[in-house]
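J.: Model the structure of this input:
(one chain, ligands or ions: 1)
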Amino acid sequence: MYFNNKKVNYKVVVNDAEDGSSEEGTISADQIKVTFSYIPEGEDMIKAIVGHQQNVVPEGKTIMDATDCKACHAIDVQVNGPSYMEIAEKYTKENRNYLIDRIKKGGSGVWGEPLMSAHPQLDIEEIGKMVDYILSLSPDEKVEEKLLPLSGTVRFKEHIKGDSGGKYVLMASYLDQGNAEVPNSALATSSQVIFKASKIEAEEADIKSEDVGNWSAGSAGLVGSIKHNSYIGFNNINLNGLKSISFSAFYIANYNYKGIMEIREGSPTGTVIGTTQLGYFHETKEGFMSYEIPVRPTADQESLRTQLTKSNLWPTPTG
Ligand code: HEC
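T.: Coordinates of the predicted model:
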């Protein structure tokens, strides 16, 4: 998870059976790409890959390599058909559908006499990915690479400007030397760490006990219908250094709420690492209350279950 303006130190180490190791200096730092990107809520992870193109094979290229395209096309030289770079220079994203159609139907006349075979067996989605890859080779599409050193510090501040949310991706990639006697034998590898927002919506719980459902109160989403022993759970949460969890509860009027909430590691019967009393009553007014629950994690990385027990916590919709 990330927190406003907090910093994280990182270090990237590459070891390769033939090439050596970045720590011993046999692999030089400029062969390893390291980036740190902020991906706003709802945006594609593809943004994190910018800068690693050489070391991360795009999906469209993988599909093209498995079909007949390479018999007539190459990236930067004309074969039977124009090079992909020439095509990328001539067209933009607006021509995407036109290009998909051309690849599907084949034909000639745009670049000269030679004929492109038709590809009726390929589906539109696959062809679309190939077209996206071809168009990404355009010089206009080149995004400035902002590479980081092998070790350093990153800071979480991009999300503060916008509507806090989204994730950060720290990514490292390496393209090895390959075998000098075998063409195209270089292997690429990449690794990434994803930092998620520290605010988690209860409705997005990975696990919910059967009685719990998603509800809304005004514009806010919440989980409701909580009964004795109801629980919700979140997978893969880093608990390292976690000291407390803030939690909000919404109560409707004229219902006598009483209960205990427990936070457990791993499972609904796992170790209790935090607990708090919940309760509310008002004849006419709804209540919205925040709780700061101190926790004592015993594991570094765990699933977290919030269990609501001994309670009369949430009336059923008719209650
Ligand atoms: C038999 C040879 C051949 C094969 C196989 C082939 N192409 Fe082509 N391709 C051509 C030729 C020749 C042209 C130029 C056609 C023209 O002038 O209209 C062309 C043109 C194109 C164009 C540009 C179309 C335009 O209107 O400007 C794209 C994009 C393209 N090919 C992609 C592909 C992809 C992707 C594949 C694999 C699925 C593929 N081609 C397979 C020969 C081929």
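
J.: Relative to the ligand, how far out is the residue lying closest to residue 116 once chain neighbours are set aside?
T.: Distance criterion Cβ to Cβ, 6 or more residues apart in numbering; nearest residue to residue 116, sequence neighbours excluded, is residue 106 at 4.5 Å. (C-beta placed from N, C-alpha, C; glycine too.) Distance, residue 106 to the ligand, using Cβ to the nearest ligand atom, to the nearest Å: 7 Å.

J.: what's around residue 106, how many residues?
T.: 12 (other Cβ atoms under 10 Å).

J.: again, but for the one 4 residues further on
T.: Residue 110 sits with 11 neighbouring residues when counted by other Cβ under 10 Å.

J.: Also residue 249?
T.: 22.

J.: what's in contact with the strand or helix carrying it?
T.: Residue 249 belongs to strand 244-251 when assigned by DSSP states H and E. Strand 244-251 has contacts (Cβ atoms under 8 Å, 6 or more residues apart in numbering) with 217, 220, 222, 257, 261, 263, 274, 276, 278, 280, 282, 286-295, 306.

J.: List only buried entries from the residues you listed.
T.: The neighbour-count test (16 or more other Cβ atoms under 10 Å) applied to the contacts of strand 244-251 identifies 222, 257, 261, 263, 274, 276, 278, 280, 293, 295, 306 as buried.

J.: helices and strands around the helix or strand the first one falls within, which ones?
T.: What it means is residue 222. Assigned by DSSP H and E, residue 222 belongs to strand 220-224. Contacts defined by 3 or more Cβ pairs under 8 Å, 6 or more residues apart in numbering; DSSP states H and E place strand 220-224 against strand 213-217.

J.: The strand it packs on: which residues count as buried?
T.: Of the residues in strand 213-217, none is buried (16+ other Cβ under 10 Å).

J.: can you give me the angle it makes with strand 244-251?
T.: Here strand 213-217 points in a direction 70 degrees away from that of strand 244-251 (axes from the mean of the first three to the mean of the last three Cα atoms, to 10 degrees).

J.: Show residues contacting strand 213-217.
T.: So strand 213-217 is contacted by 203, 221-225, 250, 286 (Cβ under 8 Å, 6+ apart).

J.: Show me which residues of the protein sit near the ligand.
T.: 64, 67-69, 71-73, 80-82, 87, 99, 102-103, 107-112, 114-117, 119, 130, 134 (Cβ under 6 Å from any ligand atom).

J.: and the closest residue in space to residue 298 that isn't next to it in sequence, how many neighbours?
T.: Among residues not flanking residue 298 along the chain, residue 271 sits closest, at 5.8 Å (Cβ to Cβ, 6+ apart). By other Cβ under 10 Å, the residues close to residue 271 number 14.

J.: Now find how far off-centre the strand holding residue 249 is within its chain.
T.: In terms of Cα atoms, centre = their mean, to the nearest Å, the gap separating the centre of strand 244-251 from the centre of its chain is 26 Å.

J.: What strands line up against that strand, and which way round?
T.: strand 287-294 (antiparallel) (DSSP bridges).

J.: Identify the residues contacting the residue nearest to residue 298.
T.: 264-265, 298.

J.: who wins for neighbours among the residues you listed?
T.: Among those, residue 264 has the most neighbours (other Cβ under 10 Å), with 21 neighbours.

J.: Partner strands of the helix or strand where that one lies and their direction?
T.: Here residue 264 sits within strand 257-265, counting by DSSP H and E. Counting by DSSP bridges, the strands paired with strand 257-265 are strand 272-280 (antiparallel), strand 301-309 (antiparallel).

J.: what's the least confident stretch among the ones you listed?
T.: The weakest mean pLDDT among these belongs to strand 301-309, with a mean of 53.

J.: Residue 235: how many residues sit nearby?
T.: Neighbours of residue 235 using other Cβ under 10 Å come to 10.

J.: That one and residue 196, how far apart?
T.: Computed as Cβ to Cβ, to the nearest Å, the residue 235 to residue 196 distance reads 12 Å.

J.: which SS class is the closest residue to the ligand within the stretch 151-300 of the chain?
T.: Using Cβ to the nearest ligand atom, the single residue of the stretch 151-300 of the chain nearest to the ligand is residue 184, 18.4 Å away. Assigned with DSSP: H, G, I helix; E, B strand; the rest coil, residue 184 falls in the coil class.
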